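Asks: Sharing a model prediction with you, sequence too.
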Amino acid sequence: MGGFEPQRVFAGGSPAIMGILNVTPDSFSDGGLFLEHQAAVARGLEMLAEGAVIVDVGGESTRPGAAPVPADEEAARVVPVLAALAQKAPQAVLSVDTSKPDVAEKALAAGAQLVNDVTAGGDPRMLEVVAEAGAGIVLMHMRGTPQTMQQDTRYTHVVAEVAEFLAARADAALAAGVPKERIFLDPGIGFGKDLEGNLALLRALAHLAALGFALVLGVSRKSFIGQLTGAAVGERLPGSLAALLPALGCPQVVVRVHDVAATKQFLQVARAVRAA
């Protein structure tokens, strides 16, 4: 179990890339593609070679309406993959996408250094597990659960309400002993928001960055891109890249993506234009 070194994430600048590795049969975009162990490990190594700084391994789909997975089954999916990646790519930052403390504990012992929790430490023990391991945590805003999150997407002021929630969860993580530099905040694009809410949060990303924490932005292939363009899930790369534009103005952002090589090229050119 190694401690999380946040400076490694942004050593190559911001935005940094987190590659999505779903070891699930039912994720909305790539469910089933990497369920088999060797395929998952190969894809993780491929994403690192393409430019990902972090590989985020998940064993439970959080798409709208997804059914929960028992902790033992989830751990059985992700722990062997994380252990293999830790052995084959010791330089990588490995993340486990889970909201279950028991799964996080096993994943951290296997070589993960970061926990990506869509419930923002909804189980209080999660924050304790992360603090004790010297790990980092991603705290995401979601209204309800994956089963219910799209049933009510109304907000009085979506940016203010999401910012207030994330600040409160960051305070909880700090109180549990997680240092500030190991806390990342994620506005939860597509998690309990409608099209207008998603766009408002993207436009206000700099406002969320002003909370003083690093951010994670997950827009890759999401349904709001389909709503805007009519593109099917597998045809949303151009829209996914366009939605990353607000991240270019923020000091420390991790972009969570399926298409690592294309994202790296996009960011290289976009950063060069901004710096010219």
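Replies: Now that the structure is in, tell me what you want to look at.
Asks: measure the nearest residue to residue 108 once chain neighbours are set aside to residue 177 for me?
Replies: In space, and not counting its chain neighbours, residue 108 is closest to residue 133: 4.5 Å by Cβ to Cβ, 6 or more residues apart in numbering. The C-beta positions use only the backbone N, C-alpha and C, and glycine is treated the same way. Residue 133 sits 11 Å away from residue 177, going by Cβ to Cβ, to the nearest Å.
Asks: Can you report how many residues lie near residue 67?
Replies: Residues contacting residue 67 under the criterion other Cβ atoms under 10 Å number 9.
Asks: Any stretches of the stretch 51-200 of the chain with poor pLDDT?
Replies: Along the stretch 51-200 of the chain, the parts satisfying pLDDT under 70 run over 65, 144-145, 147-149.
Asks: Who has more neighbours out of residue 133 and residue 177?
Replies: residue 133 (21 against 12).
Asks: so residue 195 touches residue 226, yeah?
Replies: No: counting by Cβ atoms under 8 Å, residue 226 is not a contact partner of residue 195; they are 10.0 Å apart.
Asks: Go through stretch 244-254 and flag the buried ones.
Replies: For stretch 244-254, the buried set under the neighbour-count rule, 16 or more other Cβ atoms under 10 Å, comprises 244, 246, 247, 248, 250, 252, 253, 254.
Asks: Now do the same contact list for the residue nearest to residue 214 when sequence neighbours are not counted.
Replies: Among residues not flanking residue 214 along the chain, residue 252 sits closest, at 3.9 Å (Cβ to Cβ, 6+ apart). Counting by Cβ atoms under 8 Å, 6 or more residues apart in numbering, residue 252 touches 10, 14, 209, 214, 215.
Asks: Can you add secondary structure and give these back as TSV?
Replies: Converted to TSV, the contacts of residue 252 look like this (DSSP: H, G, I helix; E, B strand; the rest coil):
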residue	secondary structure
10	coil
14	coil
209	helix
214	strand
215	strand
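Asks: now, the most widely separated pair of those?
Replies: Farthest pair in the contacts of residue 252 (Cβ to Cβ) is 10 and 209. Separation: 13.1 Å.
Asks: quick one: which of those two has more around it?
Replies: Between residue 10 and residue 209, counting by other Cβ under 10 Å, residue 209 is the more crowded of the two (19 against 16).
Asks: So the more buried one sits against residue 247, correct?
Replies: No: here residue 209 does not reach residue 247: they are 9.2 Å apart, not a contact under Cβ under 8 Å.
Asks: Quickly list what's touching both of those two.
Replies: 215, 253.
Asks: how about the strands in the stretch 1-150 of the chain?
Replies: Using DSSP state E, counting those that start in this stretch, the strands of the stretch 1-150 of the chain run over 16-22, 54-58, 93-97, 114-117, 136-140.
Asks: strand partners of the third one, parallel vs antiparallel please.
Replies: This points to strand 93-97. strand 54-58 (parallel), strand 114-117 (parallel) (DSSP bridges).
Asks: can you redo these as JSON lines with mean neighbour count?
Replies: Rendered in JSON lines, the data for the strands paired with strand 93-97 read as follows (neighbours: other Cβ atoms under 10 Å):
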{"stretch": "strand 54-58", "mean neighbour count": "26"}
{"stretch": "strand 114-117", "mean neighbour count": "29"}
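Asks: Perfect, I'm done here.
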